[in-house]
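[1] could you work out the structure for the sequence below:
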Amino acid sequence: MKIRIKGNSIRYRLSKTDVDVFIKTGSLEETVDFGSQKLIYALKKTLELTLSASFEQNIITLNMPQVMADEWDTTETVGFNGVDGKLSLLIEKDFQCLDNVAEDQADNYPNPALVC
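    Just a heads-up that it's a prediction; the model follows:
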């Protein structure tokens, strides 16, 4: 899972394996180790009706409604967006880049912009 933060927006991108683990377990998290402190970013299923987010004890948590997770698992839906207060939220499947990058993209979703 990748995180991107810009201004008042947070975006999570998930690989195929990330989505599978999230659907099966209901949660997913990554840790960034700064030595004396850690930043954790997590995704959790919830019974709420809209996307929401929290930041407590160095943990950024995006909460995805169960109904959205079910849709993600059973359709070709790429992602979901929402707003929590002033914060813009986006959770999406991570596609393979169209240009050359050094990052391993083997577990990313095929980019729909590729012409076969």
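[2] so what pairs up with the closest residue to residue 22 other than its chain neighbours in the strands?
    For residue 22, ignoring the flanking residues on the chain, the nearest one in space by C-beta to C-beta, 6 or more residues apart in numbering is residue 28 at 4.5 Å. No exception for glycine: its C-beta is placed from N, CA and C like everyone else's. On the basis of DSSP bridges, residue 28 is bridged to residue 43.
[3] show me the strands in this structure, by range?
    Using DSSP state E, the strands of the chain run over residues 2-6, 9-14, 27-33, 38-46, 52-56, 59-65, 79-84, 87-93.
[4] any chance of these in JSON lines, plus distance to residue 72, mean neighbour count and mean pLDDT?
    What follows is the strands of the chain, written out as JSON lines (distance: least, C-beta to C-beta, whole Å; neighbours: other C-beta atoms under 10 Å; pLDDT from 0 to 100):
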{"stretch": "strand 2-6", "distance to residue 72": "17", "mean neighbour count": "11", "mean pLDDT": "93"}
{"stretch": "strand 9-14", "distance to residue 72": "9", "mean neighbour count": "19", "mean pLDDT": "94"}
{"stretch": "strand 27-33", "distance to residue 72": "12", "mean neighbour count": "13", "mean pLDDT": "96"}
{"stretch": "strand 38-46", "distance to residue 72": "10", "mean neighbour count": "17", "mean pLDDT": "97"}
{"stretch": "strand 52-56", "distance to residue 72": "17", "mean neighbour count": "13", "mean pLDDT": "97"}
{"stretch": "strand 59-65", "distance to residue 72": "8", "mean neighbour count": "20", "mean pLDDT": "97"}
{"stretch": "strand 79-84", "distance to residue 72": "8", "mean neighbour count": "16", "mean pLDDT": "95"}
{"stretch": "strand 87-93", "distance to residue 72": "8", "mean neighbour count": "18", "mean pLDDT": "94"}
